[in-house]
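Asks: Return a 3D structure for these sequence lines:
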Amino acid sequence: MASEDGKLASTASTDNNQWELVAEGDWLVGQRFGVKHHAVLGRDSSCDITIPGTHLSRRHAELAVKGPTLLIRDLGSSNGTYVNDERVTETELKPGDTVRFDVLVFRVQGPELAPIMDSNATMIRRVPTKKPAAPRPAPEPKNWKVKPTSVGNRESTVQMTTLQKASHSVSTILAVLMGIATLAALGYLFTQL
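Replies: Take a look at the predicted model:
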């Protein structure tokens, strides 16, 4: 949603006591989608959070607040639901988690806890530090048997199998040998003239 000055405006209320998905990439960047109790996300107009486009299933995922936690459940989507780059069927979300539906990426923001102390009291908070992420192992090459549903599903490029590589090498060697034999035959014919 755009405001009068053309900047993105929040689609959620300013209530800090609810869960939100904040879009991080693509054309939705900065938009906020609030979840107070329960929400279904998908491209169908009957969903609580509707995002048009082919990257989402009609009913892609369900979000539910259970006590102090937010749960996410994939509803059998074609392109999957990923939390912190791991495909999930159902899991608990924490503030700061990254949720991805194919190529659409969101950051989870949780409710702020009510202050226990006097609101006029000085508060000192620690700056959160990020632990360096452990290096991820290289993904195994994919050999697609059918065309993937979208570019966002691919984790690596299509790789040739060992048999295809060997066949390609043999074909290349034979072509080079045929070229040499042809040149030798032409050279012999020219010397006989």
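Asks: residues near the residue lying closest to Thr89 once chain neighbours are set aside, how many?
Replies: Once flanking residues are discounted, Thr89 sits nearest to Asp74: 5.1 Å by CB to CB, 6 or more residues apart in numbering. All C-beta atoms are positioned from the backbone trio N, CA, C, and that covers glycine. As a burial measure, Asp74 scores 20 neighbours (other CB atoms under 10 Å).
Asks: Could you tell me the end-to-end distance of stretch 84-95?
Replies: End-to-end distance for stretch 84-95, by CA to CA, to the nearest Å: 12 Å.
Asks: Mind listing what's buried along it?
Replies: Residues 88, 91, 93 are the ones in stretch 84-95 that count as buried (16 or more other CB atoms under 10 Å).
Asks: now that stretch: mean pLDDT?
Replies: Stretch 84-95 shows a mean pLDDT of 94.
Asks: what does it contact?
Replies: 19, 63, 69-74, 80-83, 97-100, 108-110 (CB atoms under 8 Å, 6 or more residues apart in numbering).
Asks: go again using 6 Å as the cut-off
Replies: Stretch 84-95 is contacted by residues 69-74, 80-81, 83, 97-98, 108-110 when judged by CB atoms under 6 Å, 6 or more residues apart in numbering.
Asks: now those: which count as buried?
Replies: Neighbour-count burial (16+ other CB under 10 Å) applied to the contacts of stretch 84-95 gives 70, 72, 74, 80-81, 83, 97, 108-110.
Asks: in the helix or strand bottoming out on mean pLDDT in the chain, what's buried?
Replies: Here the helix or strand of the chain ranked lowest by mean pLDDT, DSSP states H and E is helix 162-192, holding a mean of 85. Residues of helix 162-192 classed as buried: none (neighbour count, 16+ other CB under 10 Å).
Asks: Neighbours of Asp44, how many?
Replies: With neighbours defined by other CB under 10 Å, the count for Asp44 comes to 14.
Asks: didn't it look like it was pressed against Arg58?
Replies: Yes - using CB atoms under 6 Å, Asp44 is in contact with Arg58, at 4.1 Å.
Asks: circling back to that earlier point, and the buried ones among the contacts of stretch 84-95, which is closest to Thr182?
Replies: Distance to Thr182, by CB to CB, is smallest for Gly80 among these, at 53.4 Å.
Asks: Lovely, talk soon.
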